[in-house]
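Chemist: A structural model of the following input is requested.
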Amino acid sequence: MVFDKCSYLNRLGIFHKLCYKKYDMVNFMKLKDNLSNLVELTCTQYIDERIFYNLAEICVNIKKLELRVQKKLEYFTYGGKRGQNWDNFCEVIETLTLGYSTKTMDGLHLVKLPKLLKLRVCHLTEVKELIQNTSGYLKTIDIHNQFAKKNITEDIIQIVIAIYQNCPKLEHLCIPFVDTIDDALGDLLVHCNQLEYIQIYGGFPSDESLNGDVILKILSKSTSKKLERIEMKGSWKFSVDPLKEFLNDLKERNYSLYFKFGLNYDCLNEEFSSIIQNFVDDNVLRINPLDYL
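Modeler: Numbers count the residues shown, from 1 in each chain. Here you go, the predicted structure:
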């Protein structure tokens, strides 16, 4: 009945168990016209995998495929037509997410991604090379590696360098904090003058004390006129004078900053709280970050 009423489906979600033999839905010739215009398909992992072979023949215009709850997914392969390769397959991709299970690129870092806008990765291996193969359109880069027991400092630094050398239009950045990141991150904030949001987080263990004064000094190098949101996750320590200097420099801006941070409670006292509240009252800060501790 659904397919009779919806002759030209663009998006389809299948969220219940679908048995190939019982329903045999995609074998009906009459459904080919319905599904040939499909551009987005979302489904759970409970669908019989044989259905995808039929869908691959019918859904020739598919642009987005999402498999939800794929906890048991062990292997995925793309088989294009003869003569096609990864470069042709990836030339229109705008969003790429590589989760915690994707520990190796398996050659993906060598592929050209000319239209990539958003990149989210959880492991550092060959991320630098992947970024270098984009064409300067990347606007969002999220590196979510906070559960790693140890971030490899040199890998992070090389990734940051690759970002500011290849991503002039960057707007959103999420990266882990590592020692000696100062120069590389400072250069990024100088070159990426379209940056609107940056999140910096500490690694594992989460209660390890982090030097917030270093980050404030780096953030002061930003040339972006659009930077509206800064988040620092972890147990950060701030000294009063560097904090006041950083916030005073923001008074010249014509808009307030959303500044949120985790705090090492050793530096939380009445003086610190009063300083933060004063900058909130002066509309330098959009929120009081101490309200979210």
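
Chemist: stretch 286-293: which residues count as buried?
Modeler: Residues of stretch 286-293 classed as buried under the neighbour-count rule (16 or more other C-beta atoms under 10 Å) are 288, 289. (Glycine included, C-beta is placed from N, CA and C.)

Chemist: how about residues contacting it?
Modeler: 256-263, 268, 273, 276-277, 280 (C-beta atoms under 8 Å, 6 or more residues apart in numbering).

Chemist: out of those residues, what pair is the most spread apart?
Modeler: Pairwise distances across those (C-beta to C-beta) peak at 22.4 Å, for the pair 256 and 268.

Chemist: and the contacts of stretch 257-267?
Modeler: 202, 209-210, 212, 227-239, 250, 284-287, 289-290, 292-293.

Chemist: mind giving me the PyMOL command for buried ones among the residues you listed?
Modeler: Per 16+ other C-beta under 10 Å, the buried members of the contacts of stretch 257-267 correspond to this PyMOL selection:
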select buried, resi 202+210+212+227+228+229+230+231+232+233+234+235+236+238+250+284+285+289
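
Chemist: quick check: mean pLDDT of the helix or strand harbouring residue 161?
Modeler: Using DSSP states H and E, the element containing residue 161 is helix 153-166. In this model, helix 153-166 has an average pLDDT of 94.

Chemist: over to stretch 215-222?
Modeler: In this model, stretch 215-222 has a mean pLDDT of 93.

Chemist: for it, which residues meet the burial criterion?
Modeler: So for stretch 215-222, counting by 16+ other C-beta under 10 Å, buried means 215, 216, 218, 219, 222.

Chemist: out of the residues you listed, which one sits closest to residue 126?
Modeler: residue 218 (25.9 Å).

Chemist: which residues sit against the helix or strand that closest one falls within?
Modeler: Using DSSP H and E, residue 218 sits within helix 212-219. Contacting residues not belonging to helix 212-219 are listed as 177, 181-182, 185-186, 189, 198, 200, 230, 232, 236-239, 242-243, 245-246, 261 [C-beta under 8 Å, 6+ apart].

Chemist: go with 10 Å
Modeler: Helix 212-219 has contacts (C-beta atoms under 10 Å, 6 or more residues apart in numbering) with 177, 179, 181-189, 198, 200, 211, 227, 230, 232, 234-239, 241-243, 245-247, 249-250, 259, 261-264, 267.

Chemist: could you give the average pLDDT over the helix or strand following that helix?
Modeler: Sequence-wise, the next helix or strand downstream of helix 212-219 (DSSP H and E) is strand 229-237. Average pLDDT, strand 229-237: 95.

Chemist: now tell me which helix or strand of this protein has the poorest mean pLDDT.
Modeler: Of the helices and strands making up the chain, the lowest-confidence element is helix 20-23, at a mean of 46, by mean pLDDT, DSSP states H and E.

Chemist: ok and the helix or strand following the helix holding residue 161 relative to strand 229-237, angle-wise?
Modeler: Following helix 153-166 in sequence order, the next helix or strand is strand 172-176 (DSSP H and E). In terms of direction (axes from the mean of the first three to the mean of the last three C-alpha atoms, to 10 degrees), strand 172-176 departs from strand 229-237 by 20 degrees.

Chemist: please export the C-alpha coordinates of the helix holding residue 161 as CSV.
Modeler: Extracted as CSV, the C-alpha positions of helix 153-166 are listed here (Å, rounded to 0.1, in the frame of the first residue of the first chain):
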residue,chain,number,x,y,z
THR,A,153,52.3,13.7,20.0
GLU,A,154,54.0,13.8,16.7
ASP,A,155,51.0,12.4,14.8
ILE,A,156,48.7,15.1,16.3
ILE,A,157,51.2,17.9,15.4
GLN,A,158,51.6,16.6,11.8
ILE,A,159,47.8,16.5,11.4
VAL,A,160,47.5,20.0,12.7
ILE,A,161,50.1,21.2,10.2
ALA,A,162,48.3,19.4,7.4
ILE,A,163,45.1,21.1,8.4
TYR,A,164,46.4,24.7,8.2
GLN,A,165,48.3,23.9,5.0
ASN,A,166,45.3,22.4,3.2
